[in-house]
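**Student:** give me a model of this one.
(one chain, ligands or ions: 2)
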Amino acid sequence: MSDKRDYYEVLGVARDVDAADLKRAYRRLAMELHPDRNPGDAAAEDKFKEASEAYQVLCEPQKRANYDRFGHAGANAGFGGAGFRDVGDIFSTFSDIFGDIFGMSGGGRRAAAHGADIETRVVLTLVEAAAGITKEIQVLRNVPCGTCEGSGAAPGSEPESCRHCGGRGQVMHSQGFLMISSTCPICRGEGRVIRDACPQCEGTGLNEEEDALQIAIPAGVEDGSTLRLMGRGEAPPQGGRPGNLYVILRVEADERFERDGADLHTEVVVSFPQLALGDRVAVSTLDGEAEIEIPAGTQPGETLALTGHGMPRLNGRGRGDVVAHLKLVVPGSLSPEEDGHLRAYAASGGQRVNPERSGFFGRKKKK
Ligand SMILES: [Zn+2]
Ligand SMILES: [Zn+2]
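**Tutor:** Ligands and ions are numbered 1, 2, ... in the order given. You can find the predicted model right below:
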């Protein structure tokens, strides 16, 4: 007993280490000493077990407090036995960590209880989507119970290791030549049982809570794109991984534009003289109106681009364009004066159409 190394020393952390750094330290060691990476190396396996034991004690506030006060003898007092039977036991106890590192599902071992994913929606205007924005959302989700700190056991009591399965959550049966393992019916795979349930959460260790979250939405998102917030979903029942929060983004249509990726298409209504003689016209952009130059002799339906005035590109640099589609509108009626001018224009040769410029038979740009 007394030849055991100090747990903090084993993990190479300070005595006041916080939970996140403690987990990181253990993960790093576990990666290094993992039996799959050190096959047949008994020394590495011993160190792996030693680190796992240290982490098992230090990651639980009550055990850690006992260890700090009473040393190794205090660490597992009242917790139904210390340590791990074998390496498989370590994997199932810290399945959240090993699942992360090695993508193991812990097949056959105790299944990690995962918190459920939550899905929510956020509606944005196109202008908000272009600029990026932080939005506050309300999420109703299960969080660890504050009264029992998520253990499910009434304050002053602790969940006990399940005697039926020895805390493994799995029981073995023989069936002919086969050994079949199945979920323990007493603890339903959790490995522990609660004798005295917490009155606040009725032993689930979870309470439903309305949570306000700030969601940073990057500039340039598309309608229907989804943000994944790892670990911000439902808390798991015990010892597992929390679920994820998926935020589905709805970008409202903007009547001024039709969006195509990073480009915004818009329509500009023009008259025949504006196209024939050239003009400057106003075009809608995300930040108000901009002027664009129509060169003399522009055809209806041609497009003019305001480069870099479109949506920001999510995965690249820069922005798309605002593409102005020139739509020719012919007046429905003319004043007698306009009528006269137009007839004079027609008589002077204006009815002639140059086939090269008509746009129909393979018109070529002369530039
Ligand atoms: Zn509780
Ligand atoms: Zn059991």
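
**Student:** residues contacting the host helix or strand of residue 27, please?
**Tutor:** Following DSSP states H and E, one finds residue 27 within helix 19-33. By C-beta atoms under 8 Å, 6 or more residues apart in numbering, the residues outside helix 19-33 that reach it are 11-13, 17, 37, 44-45, 47-48, 51-52, 54-55, 58-59, 94, 97-98, 100-101. Every residue, glycine included, has its C-beta placed from N, CA and C.

**Student:** in the stretch 151-300 of the chain, which spans are strands?
**Tutor:** For the stretch 151-300 of the chain, the strands defined by DSSP state E, counting those that start in this stretch occupy 160-161, 170-175, 178-183, 192-193, 206-217, 226-229, 245-251, 258-260, 263-270, 279-285, 288-294.

**Student:** for residue 33, the count of nearby residues, please.
**Tutor:** Residues lying near residue 33 (other C-beta atoms under 10 Å) number 20.

**Student:** same check, this time on the one 5 residues further on
**Tutor:** Other residues within reach of residue 38, judged by other C-beta under 10 Å, total 15.

**Student:** give me the neighbour count for residue 336.
**Tutor:** A count of neighbours around residue 336, defined by other C-beta under 10 Å, yields 7.

**Student:** what's the spacing between it and residue 343?
**Tutor:** Distance, residue 336 to residue 343, using C-beta to C-beta, to the nearest Å: 11 Å.

**Student:** residue 282 now?
**Tutor:** 31 Å.

**Student:** with residue 324 instead?
**Tutor:** Residue 324 is 31 Å from residue 343, where distance means C-beta to C-beta.

**Student:** of those two, who's got more company?
**Tutor:** Using other C-beta under 10 Å, the more surrounded residue of residue 324 and residue 343 is residue 324, with 25 against 12.

**Student:** which residues does residue 124 contact?
**Tutor:** Counted by C-beta under 8 Å, 6+ apart, residue 124 has contacts 133, 135, 217, 221, 249-252.

**Student:** quick one: contacts for residue 174?
**Tutor:** Counting by C-beta under 8 Å, 6+ apart, residue 174 touches residue 180.

**Student:** residue ranges with poor pLDDT in the stretch 251-367 of the chain?
**Tutor:** Applying pLDDT under 70 to the stretch 251-367 of the chain flags residues 316, 350-367.

**Student:** tell me the contacts of whichever residue of it sits closest to ligand 1?
**Tutor:** Distances between the stretch 251-367 of the chain and ligand 1 by C-beta to the ion are smallest at residue 251, namely 40.8 Å. Each residue near residue 251 by C-beta under 8 Å, 6+ apart is listed here: 124-126, 129, 221-223, 259.

**Student:** drop anything exposed from those.
**Tutor:** Buried by 16 or more other C-beta atoms under 10 Å: 124, 126, 129, 221, 259, out of the contacts of residue 251.

**Student:** now stretch 52-66, how far from the chain's geometric center?
**Tutor:** Centre-to-centre, stretch 52-66 and its host chain are 31 Å apart (C-alpha atoms, centre = their mean, to the nearest Å).

**Student:** can you list the domains in the protein?
**Tutor:** Domains of the chain are assigned by automatic domain parsing as 7-102, 111-144+205-252, 258-357.

**Student:** nearest to residue 195, of those?
**Tutor:** Relative to residue 195, the nearest member of the domains of the chain by C-beta to C-beta is domain 7-102, separated by 11.8 Å.

**Student:** in TSV: the strands of the stretch 151-300 of the chain, plus distance to residue 200.
**Tutor:** TSV is the format used below for these (distance: least, C-beta to C-beta, whole Å):
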stretch	distance to residue 200
strand 160-161	19
strand 170-175	30
strand 178-183	27
strand 192-193	18
strand 206-217	7
strand 226-229	26
strand 245-251	24
strand 258-260	49
strand 263-270	53
strand 279-285	55
strand 288-294	55
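
**Student:** so residue 347 versus ligand 2, what's the distance?
**Tutor:** 101 Å (C-beta to the ion, to the nearest Å).

**Student:** change the start of the numbering to 38 and stick with it
**Tutor:** All right, first residue 38 from here; so that's residue 384.

**Student:** report how many residues lie close to that residue.
**Tutor:** Residue 384 sits with 9 neighbouring residues when counted by other C-beta under 10 Å.

**Student:** am I right that it falls within a strand?
**Tutor:** No: using DSSP: H, G, I helix; E, B strand; the rest coil, the secondary structure at residue 384 is helix, not a strand.

**Student:** separation between it and residue 377?
**Tutor:** For residue 384, the distance to residue 377 (C-beta to C-beta) stands at 11 Å.
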